[in-house]
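A.B. asks: Kindly return the folded structure for what I paste below:
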Amino acid sequence: MWIECSYIIRGKNRRRVFLTLENPRTPTQLSDGLNIHLSHISRALGELKSKKLVECLTPTEKIGRIYRLTKRGRKVLKMVKELGAERHPAGNPSWNFPFSTSSQKRNAHLLPNS
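C.D. replies: Model prediction:
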């Protein structure tokens with residue numbers, strides 16, 4: 001799994017998306033919360049999915065698909081954090097999205113504990 005850790009660490013957008021998926025999110029929530037264009041989010045999710053680090057919980061949906069880390073992804077996340085290589089988007093591992101846009105408010109019910 002060290003190869004996967006290296007893979008996560010060396011891609012800035014991939015790393016940010018991966019770390020934020022500690023809790024399930026939609027691509028739009030990721031894009032709005034990380035301030036990364038949706039096309040970059042989609043590419044990162046596709047890359048992570050091909051490595052079996054994330055999974056789509058709603059694959060039949062065309063809009064509002066929800067992604068989360070797989071069991072393997074959670075193990076890699078723990079290893080990345082142990083390396084101290086997470087360089088989290090806000091500098092704080094407990095970072096949460098500020099629900100400021102209408103799409104985030106509209107999709108807030110999709111998140112756990114909301």
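
A.B. asks: Just to check, residue 4 is in contact with residue 78?
C.D. replies: No - if you go by C-beta atoms under 8 Å, residue 4 and residue 78 don't touch, sitting 11.6 Å apart. C-beta coordinates here come from the backbone N, C-alpha and C atoms, glycine included.

A.B. asks: ok, these two, which is more surrounded?
C.D. replies: residue 4 (20 against 12; other C-beta atoms under 10 Å).

A.B. asks: For that one, which residues are in contact?
C.D. replies: By C-beta atoms under 8 Å, 6 or more residues apart in numbering, the contact set of residue 4 is 51, 53, 72, 76.

A.B. asks: OK, contacts around the residue nearest to the third one when sequence neighbours are not counted?
C.D. replies: Here the nearest residue to residue 72 in space, its sequence neighbours aside, is residue 52; by C-beta to C-beta, 6 or more residues apart in numbering that works out to 5.6 Å. Under the criterion of C-beta under 8 Å, 6+ apart, the contact list for residue 52 reads 70, 72, 73.

A.B. asks: any idea whether residue 52 is helix, strand or coil?
C.D. replies: coil (DSSP: H, G, I helix; E, B strand; the rest coil).

A.B. asks: Strands of the protein, residue ranges please.
C.D. replies: In the chain, the strands defined using DSSP state E lie at 54-56, 67-69.
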